[in-house]
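Participant: Following is a predicted model, sequence given first.
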Amino acid sequence: MPLRLPRRALSAFAGIALASLTASHAGGLEQLKAFIEDTRSMQASFEQTVTQQSGRKQQSASGTVSLLRPGKFNWRYQKPYEQLVVGDGQKLWIYDPDLNQVTVKSLGAALGSSPAAILAGSNDMEKNYTLTEQPGRDGIEWILASPKSRDSSFEQVRMGFSDKQLVVMELKDNFGQQTAIHFSKMSKNPKLAADLFSSTPPKGAEVVSADQ
């Protein structure tokens, strides 16, 4: 059965704290700070793998992501199924072509469960997350973000950076399921078309409100 993006609250992941670092080496917190401050828009390809608590791989997927901070993103799954998740700054839209259905939720009430919303947040990450420097490995510097709110869909989020670029996110949810997302072909601060973040439902699609 194909993996579906959970239709629950999505979230804004904001900002950053700076840790003490050696002069010759930029650790994960410093690279996160640089990434947040320098990245106003982004486009990339991604490969996503979901692993169950037992260690069994549940599903793999791939697609593209575009974001315009703060609050706008286009997260498009292309394989093994198509699904589109759009944040227009106010609303979250999840379009399922197989069902020809759009689920809509207020973006302001949807904090915590989407990698796209995490990346498209503003610059106040410490408000919602406790940030911890993690040991580097294989040329990647890591930070651990633990949500302060008990209502978050994630138990923890790990972000890996190389040369001030985000290369991987690892998310563990409250059921022990882990999602790893590897980014490639990343373009920083491209000019993005406004219709990428359009919230107009496709013609004939059923629109369902998740705020009710």
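Facilitator: Nice, I can see it. Note that the structure is predicted; figures quoted are calculated from it, not measured.

Participant: only C-alpha atoms for contact and neighbour calcs from this point on.
Facilitator: Will do.

Participant: Phi, psi for Phe35 please.
Facilitator: phi -60, psi -50 (degrees, to the nearest 10).

Participant: Give me the spatial nearest neighbour of it, chain neighbours excluded.
Facilitator: Residue nearest to Phe35 in three dimensions, not counting chain neighbours: Lys164, with 5.8 Å by C-alpha to C-alpha, 6 or more residues apart in numbering.

Participant: Neighbours of the one you found, how many?
Facilitator: 19 (other C-alpha atoms under 10 Å).

Participant: State the pLDDT value of it.
Facilitator: Note on Lys164: pLDDT of 85.

Participant: before we move on, what about the one 3 residues further on?
Facilitator: For Val167, the model assigns a pLDDT of 95.

Participant: related to what we said a few turns ago, next one: the residue nearest to Phe35 from Val85, what distance?
Facilitator: 26 Å (C-alpha to C-alpha, to the nearest Å).

Participant: in this structure, which spans are helices?
Facilitator: Assigned by DSSP state H, the chain shows helices spanning 28-38, 115-119, 125-128.

Participant: Can you show me the strands along this structure?
Facilitator: 41-51, 57-68, 72-79, 83-88, 91-96, 101-106, 129-137, 140-147, 154-162, 165-173, 178-188, 206-209 (DSSP state E).

Participant: Now the ones you listed in JSON lines, please, with extra columns for distance to Phe35 and mean neighbour count.
Facilitator: JSON lines is the format used below for the strands of the chain (distance: least, C-alpha to C-alpha, whole Å; neighbours: other C-alpha atoms under 10 Å):
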{"stretch": "strand 41-51", "distance to Phe35": "11", "mean neighbour count": "19"}
{"stretch": "strand 57-68", "distance to Phe35": "13", "mean neighbour count": "20"}
{"stretch": "strand 72-79", "distance to Phe35": "17", "mean neighbour count": "22"}
{"stretch": "strand 83-88", "distance to Phe35": "20", "mean neighbour count": "23"}
{"stretch": "strand 91-96", "distance to Phe35": "24", "mean neighbour count": "23"}
{"stretch": "strand 101-106", "distance to Phe35": "27", "mean neighbour count": "20"}
{"stretch": "strand 129-137", "distance to Phe35": "15", "mean neighbour count": "16"}
{"stretch": "strand 140-147", "distance to Phe35": "13", "mean neighbour count": "22"}
{"stretch": "strand 154-162", "distance to Phe35": "9", "mean neighbour count": "21"}
{"stretch": "strand 165-173", "distance to Phe35": "6", "mean neighbour count": "20"}
{"stretch": "strand 178-188", "distance to Phe35": "9", "mean neighbour count": "18"}
{"stretch": "strand 206-209", "distance to Phe35": "34", "mean neighbour count": "14"}
